[in-house]
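Visitor: Fold the following and give me the result.
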Amino acid sequence: MNALLTFHQKLPYTSTPCLRDQIRSHLLHHPASLNTLSLSTNSWKLHAQAKGFGAKEGNENAPKLSTKKQGRGEEDEDPIPQVVFDRMIRRIVASVGVPLVVGVLLLKLFDLLKENHVLQVPLWIPFITTFVTFGSSVLGVAYGSLSTSWDPEEEGSFLGLEQATQNWTEMWQEDEANK
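Guide: Residues are numbered from 1 along each chain as shown. Predicted coordinates:
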């Protein structure tokens, strides 16, 4: 019952006149319910320290940002060149989009075959094809970034298998060297 009253007390923001009058009469006849109604926003505080929130520039209490990574003492890595970034985005979009579109088209094909009574497709076939196509679409993000040539002057191959193996070993070698 208390939950219903609490919910009912949150309704003064409504624009319906008859409901507003009912709420007003309830609050007048039950003044104790005004104690549980907290509409004050003065006590709200932001507790996040994200960019745009928290301490302002020039504040001495603001946390200092450093160029070193926490824990390792290394400097930040160089940014990715724009040419490589654009190439990487194209590969990611292609390696995610192609399996996703194939999966949706296969689902539509199975639906058309079933609706037109051409073929009664078992339920496990759309399930497996959806699992494979959408799963490979998720893996496409990693493949799209690894199969891109990280050298700005080198374009790379169409599928990027050579670049993927080269970048994979280079990535693991850097990880082992940082340990």
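Visitor: care to break this protein down by domain?
Guide: 2-34, 82-178 (automatic domain parsing).
Visitor: Would you single out the least confident of those domains?
Guide: Lowest mean pLDDT within the domains of the chain: domain 2-34, a mean of 59.
Visitor: Quick check: what element follows the lengthiest helix in the chain along the chain?
Guide: What stands out as the longest helix in the chain, according to DSSP state H, is helix 82-115. Remark: after helix 82-115, the chain's next helix or strand is helix 124-146, criterion DSSP states H and E.
Visitor: Could you check the host helix or strand of residue 168 and say which residues are buried?
Guide: For residue 168, the element it lies in under DSSP H and E is helix 161-178. Of all the residues in helix 161-178, those buried under the rule 16 or more other C-beta atoms under 10 Å are 163-164, 166-167. Just so you know, the C-beta spots here come from the backbone N, C-alpha and C atoms, and that holds for glycine as well.
Visitor: likewise stretch 77-97?
Guide: For stretch 77-97, by 16+ other C-beta under 10 Å, it's 84, 87-88, 91-92, 95-96.
Visitor: Kindly indicate which of the residues you listed lies nearest residue 127.
Guide: Closest approach between the buried residues of stretch 77-97 and residue 127, by C-beta to C-beta: residue 96, at 20.8 Å.
Visitor: Look at the residue lying closest to the closest one once chain neighbours are set aside and say how many residues are nearby.
Guide: Of all residues not flanking residue 96 in the chain, residue 140 sits nearest, at 4.0 Å (C-beta to C-beta, 6 or more residues apart in numbering). By other C-beta atoms under 10 Å, the residues close to residue 140 number 21.
Visitor: these two touch, right, residue 140 and residue 99?
Guide: Yes - assessed by C-beta atoms under 8 Å, residue 140 is found in contact with residue 99 at 6.3 Å.
Visitor: burial measure for the closest residue to residue 133 other than its chain neighbours, as a count.
Guide: With C-beta to C-beta, 6+ apart as the criterion, residue 133 has its nearest non-adjacent residue at 3.1 Å, and that residue is residue 103. Counted with other C-beta under 10 Å, the neighbours of residue 103 add up to 20.
Visitor: now do the one 5 residues further on
Guide: As a burial measure, the neighbour count of residue 108 was computed by other C-beta under 10 Å and equals 10.
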